[in-house]
Each structure stands twice: as structure tokens, then as C-alpha cells.
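Engineer: model this:
(2 chains)
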Amino acid sequence: DGGITQSPKYLFRKEGQNVTLSCEQNLNHDAMYWYRQDPGQGLRLIYYSQIVNDFQKGDIAEGYSVSREKKESFPLTVTSAQKNPTAFYLCASSMAGGPRTDTQYFGPGTRLTVL
Amino acid sequence: GQQLNQSPQSMFIQEGEDVSMNCTSSSIFNTWLWYKQEPGEGPVLLIALYKAGELTSNGRLTAQFGITRKDSFLNISASIPSDVGIYFCAGLTSGTYKYIFGTGTRLKVLA
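Structural biologist: The predicted model follows:
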């Protein structure tokens, strides 16, 4: 069954702690993304990766870090430097490069709450 | 970061009515995508468009890639209660990997 998995669905963290959100895809997509969504708001890009061992900052990268050691995996670490980490985090992947192939698919999301 | 202008921002409609929403950009795109998001879930891809003027349907949904390549439209015919959600557009310029998203249209259907 192909798709994108994110775990856990709900995550609670104490203020000052780092936390890592998991994202795995078996769609054989080259590109992967992390977005943040606040209540009633749209999607804001945190980081994206076009290829293994390479990634770029998005619009709101401060306080976050990523790694891309495998094509299938793109974990996001929310560090203690992120001032307002409570949000809904969405992982996505995309296939790109050929005619009629540019599509982006999303995982189910992880809701992070900082206590 | 850049966001696309999406309108209307929200809609309250009666069951059975048709719905129209649109997305506009100051930039030219080669790909337009339309998504639906329900509360607490990730966005689900509804329709993908790749050519100016293209008209594509998915059941009761029809989307069009604007001729100028700076806009796109989504229509929902004969709305039903399960159409409730937030609809997002997204655009992509060829050769890039960064999708630009619209601000979303919140749809509520009254039975």
C-alpha cells in the first residue's frame, strides 16, 4: 500500500525539549517537504529536499532541523529554539521532472503540543 | 513567503448548490494542483492540471488551468454535506520543486 506515513499522530513535549517527527514514503519520490499549519491558517514551508543528502530552507526554517540520509525518510526535529512550536505538521513528497508528473502528496500529519 | 490569492475565503451554501472558487497568482505556473483538507487530516489531492486551458473533472469536481497560466478555477456541482472542508490550490513553476499554496477556501454545506 503506497503512501506517506507520519508518526506519531499526536505528540506532547515539555517546553525546552527537542522532538523529532517521523516521515516515511514508499512512493519512490525524489522530493520531500515539511509544512507547518496553524489553526485556521494555510501551509507554510519549513524545509524541503530535492534529493538525498541535500535540503533547502523554506520560509520558516528557524528553530527546525532536518536530515535526508535515505530517499524514503525525511525526519524533522523541532528544537528548543522554536519559540511557538505548537502546530500541525505535515510531510509531503513529490514526483517531478517529466510532463504531467508534477504532483505532491501529503501524509496524515502530526499534531505537536508543547506543554 | 509567497502565497496565492484564493477566493472566496469562506462559503456557506445549501446542499445541492454549485460552488465556484478560484486562485490567482502574479507568477506563471506550469502546474496547478487542487486539494481538500478535512479537520485534523492531511490535504488530499483532488485534481492536477498541466496545460493552459486544460479542463479536468473528478466526479462532481471540475478544475481549469487558466489561459494566462496565472490562475485556476475549481467548481463543485450539486454539493453534498461531505464536501465540507478547506480547499487549497497550489502552483508550481517548471524546473523547481517549491510549491506555492493558496490561502484556502473554507466550505460549509447546510443540509
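Engineer: Please, where are all the strands along the chain?
Structural biologist: The chain I'm using is chain A. Taking DSSP state E as the test, the strands found in chain A are A:4-7, A:10-13, A:19-25, A:31-37, A:43-51, A:54-57, A:64-66, A:76-78, A:87-95, A:103-106, A:110-114.
Engineer: wrong chain, I was asking about chain B
Structural biologist: Ranges of strands within chain B are B:5-7, B:10-14, B:19-24, B:31-37, B:44-49, B:55-58, B:61-65, B:71-76, B:85-92, B:100-101, B:105-110, based on DSSP E.
Engineer: Turn the ones you listed into TSV, columns for distance to A:Ala31, mean pLDDT and mean neighbour count.
Structural biologist: Heads up, the C-betas are built off the backbone N, CA and C, glycines and all. Converted to TSV, the strands of chain B look like this (distance: least, CB to CB, whole Å; pLDDT from 0 to 100; neighbours: other CB atoms under 10 Å in any protein chain shown):
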stretch	distance to A:Ala31	mean pLDDT	mean neighbour count
strand B:5-7	23	95	16
strand B:10-14	31	95	12
strand B:19-24	22	97	20
strand B:31-37	13	97	24
strand B:44-49	15	96	19
strand B:55-58	23	97	13
strand B:61-65	22	98	20
strand B:71-76	21	98	22
strand B:85-92	11	96	23
strand B:100-101	15	94	22
strand B:105-110	26	94	17
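Engineer: And whichever residue of chain A sits closest to chain B, how close does it get to A:Pro39?
Structural biologist: As assessed by CB to the nearest CB, chain B sits closest to A:Asp59 within chain A, at 3.2 Å. Separation of A:Asp59 from A:Pro39 (CB to CB, to the nearest Å): 18 Å.
Engineer: More neighbours: which of those two?
Structural biologist: Taking neighbours as other CB atoms under 10 Å in any protein chain shown, A:Asp59 and A:Pro39 compare with A:Asp59 leading, 14 against 7.
Engineer: Give me the contact list for stretch A:12-21.
Structural biologist: Residues outside stretch A:12-21 that contact it (CB atoms under 8 Å, 6 or more residues apart in numbering or on different chains): A:6, A:11, A:34, A:75-80, A:85, A:89, A:91, A:110, A:112-115.
Engineer: one step back: so who does the nearest residue to the residue of chain A closest to chain B once chain neighbours are set aside touch?
Structural biologist: Leaving aside its sequence neighbours, A:Asp59 sits nearest to B:Gly1 (CB to CB, 6 or more residues apart in numbering or on different chains; 3.2 Å). By CB under 8 Å, 6+ apart, the contact set of B:Gly1 is A:44-45, A:58-60, B:100.
Engineer: Who does the residue nearest to B:Ser10 when sequence neighbours are not counted form a beta bridge with?
Structural biologist: Nearest non-adjacent residue to B:Ser10, counting by CB to CB, 6+ apart: B:Arg106, 4.1 Å away. B:Arg106 has these beta-bridge partners by DSSP bridges: B:Ser10, B:Ile86.
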